[in-house]
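*Asks:* pasted the sequence and its predicted model underneath.
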Amino acid sequence: VAKTDPGEAAHGVSLVVVETEGAEGFRRGRVLDKIGLKGQDTSELFLDDVRVPTENLLGGQVGLGFIQLMQQLPQERLLIAVTSVAAMESAVEQTIQYTKERTAFGREIFTFQNTKFKLAECATEVNVCKAFLDQCIERHLRSELDVTGAAMAKWWITDRLSRVTDECLQLFGGYGYMTEYPISRAWTAARVQRIFGGTNEIMKEIISRSL
Ligand SMILES: Cc1cc2nc3c(=O)[nH]c(=O)nc-3n(C[C@H](O)[C@H](O)[C@H](O)COP(=O)(O)OP(=O)(O)OC[C@H]3O[C@@H](n4cnc5c(N)ncnc54)[C@H](O)[C@@H]3O)c2cc1C
């Protein structure tokens with residue numbers, strides 16, 4: 001994403017394809033030490049005075065970059081919602097299995113009313129999110145998912161993901177805090193979903209503009 005006209009705001013941005021292999025001025029920085037998503041090598045990239053052929057301008061016209069980014073954001077936010085529902089579902093499944101194996105005070109911890117009620121709540125949250133997500137996917141397939149709808153899906157579903165993974169981790173007790181248990185990684189991975197793709201506060205800003 002390059003600023004092609006410093007005097008312009010949104011219209012001063014263009015997208016340029018950079019072949020980084022051997023490009024002078026391109027270098028990778030350190031791999032960032034994240035609290036979660038350890039499998040992703042998120043790192044800094046530096047592009048200092050890198051020169052590219054003019055045909056590398058995406059869309060063939062200078063100044064379209066911001067619009068191009070905006071056009072793709074609903075799909076990116078929908079993807080975040082999809083992975084969040086999948087992660088939520090997996091967390092609930094893992095927790096049902098664990099609570100039926102682990103015993104405390106001579107009983108499977110699944111049999112405590114608190115455990116059953118928490119898992120009932122979590123399973124409900126997953127299904128409600130799925131129904132809304134399916135509606136958004138249908139709208140997306142008809143090219144009708146607007147910025148507002150995608151923002152609603154992104155903030156609502158990632159917020160539920162955080163709550164559900166937190167409740168699930170709690171039911172693992174101390175083991176839930178150990179990285180060897182996948183639920184701990186689900187919890188740290190969930191946290192960033194409310195941040196990237198545009199923070200959930202920004203999602204609410206976007207939604208409020210349509211009201
Ligand atoms: C693991 C990871 C991967 C990422 N991957 C990508 C990627 O692939 N591509 C990419 O482009 N970006 C990526 N990002 C960046 C991510 O999209 C930004 O971090 C995110 O949009 C928030 O921007 P910021 O960090 O500048 O926060 P800031 O804008 O500094 O926000 C800080 C706080 O202020 C709040 N805030 C800011 N403005 C307002 C406002 N107007 N009203 C109310 N509250 C406000 C925010 O909600 C937040 O709580 C990634 C980030 C992470 C952590």
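*Replies:* Structure's in. What do you need? Residues are numbered from 1 along each chain as shown.

*Asks:* can you report phi and psi for residue 14?
*Replies:* The phi/psi pair for residue 14 (degrees, to the nearest 10) reads phi -130, psi 150.

*Asks:* the longest helix along the chain: which residues count as buried?
*Replies:* For the chain, the helix with the greatest residue count under DSSP state H is helix 65-101. Buried residues in helix 65-101, counting neighbours by 16 or more other Cβ atoms under 10 Å, are found at 65-66, 73-74, 77-78, 80-81, 84-85, 87-92, 94-96, 98-99. Where C-beta positions appear, they are placed from N, C-alpha and C, glycine not excepted.

*Asks:* again with stretch 21-32
*Replies:* residue 26.

*Asks:* residues near residue 18, how many?
*Replies:* Using other Cβ atoms under 10 Å, residue 18 is surrounded by 15 other residues.

*Asks:* that one reaches residue 47, doesn't it?
*Replies:* Yes - at 6.6 Å, residue 18 counts as touching residue 47 under the criterion of Cβ atoms under 8 Å.

*Asks:* touching both of those two, which residues are there?
*Replies:* By Cβ atoms under 8 Å, 6 or more residues apart in numbering, residue 18 and residue 47 have these common neighbours: residue 26.

*Asks:* the buried residues of helix 65-101: which ones sit near the ligand?
*Replies:* Among the buried residues of helix 65-101, not one lies near the ligand by Cβ under 6 Å from any ligand atom.

*Asks:* rewinding a little: helices or strands next to the longest helix of the chain in the packing?
*Replies:* When contacts are defined as 3 or more Cβ pairs under 8 Å, 6 or more residues apart in numbering; DSSP states H and E, helix 65-101 packs onto strand 13-14, strand 107-108, helix 113-141, helix 147-171, helix 182-193.

*Asks:* repeat the analysis, applying 10 Å as the threshold.
*Replies:* strand 13-14, strand 107-108, helix 113-141, helix 147-171, helix 182-193, helix 200-209 (3 or more Cβ pairs under 10 Å, 6 or more residues apart in numbering; DSSP states H and E).

*Asks:* which one of those lies closest to residue 53?
*Replies:* strand 13-14 (13.9 Å; Cβ to Cβ).

*Asks:* next SSE downstream of the closest one?
*Replies:* Per DSSP states H and E, the first helix or strand lying C-terminal to strand 13-14 is strand 26-31.

*Asks:* still on that earlier bit, need the helices and strands packed on helix 65-101 in CSV with mean pLDDT and mean neighbour count, can you?
*Replies:* Formatted as CSV, the helices and strands packed on helix 65-101 follow (pLDDT from 0 to 100; neighbours: other Cβ atoms under 10 Å):
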stretch, mean pLDDT, mean neighbour count
strand 13-14, 97, 20
strand 107-108, 96, 12
helix 113-141, 98, 15
helix 147-171, 98, 23
helix 182-193, 98, 20
helix 200-209, 98, 15
